[in-house]
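Enquirer: pasting the structure only:
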């Protein structure tokens, strides 16, 4: 499994072909873990939690993941 630090997330996202659906992005990133606030989380799983149907570029993925993380504190589901 690939493990990347947050500064390398952009390089993984740049490897996707855009536009990309949420499901395709999540599947492509399923083998990548990132450290978020000191906790290791699966990037594909984070992408799958977003509310977007598709992404036009890497920035859209990052924005959607950040929104999902902000909402994950109160979603009641364990990782």
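Expert: Happy to help now that I have it. Just so it is clear, the model here is predicted, and its values are computed rather than measured. Numbers count the residues shown, from 1 in each chain.
Enquirer: neighbours of the nearest residue to residue 42 once chain neighbours are set aside, how many?
Expert: Distances taken as Cβ to Cβ, 6 or more residues apart in numbering put residue 33 closest to residue 42, at 5.6 Å, once the chain neighbours are dropped. Where C-beta positions appear, they are placed from N, C-alpha and C, glycine not excepted. Counted with other Cβ atoms under 10 Å, residues neighbouring residue 33 total 18.
Enquirer: for residue 33, give its distance to residue 51.
Expert: Counting by Cβ to Cβ, to the nearest Å, the separation of residue 33 from residue 51 is 22 Å.
Enquirer: so the residue nearest to residue 42 bridges to which residues?
Expert: residue 3, residue 42 (DSSP bridges).
Enquirer: what's near enough to touch the closest residue to residue 60 other than its chain neighbours?
Expert: In this structure, residue 60 finds its nearest non-sequential neighbour in residue 52, 6.9 Å apart by Cβ to Cβ, 6+ apart. Residue 52 sits next to 22, 60, 64 when contact means Cβ atoms under 8 Å, 6 or more residues apart in numbering.
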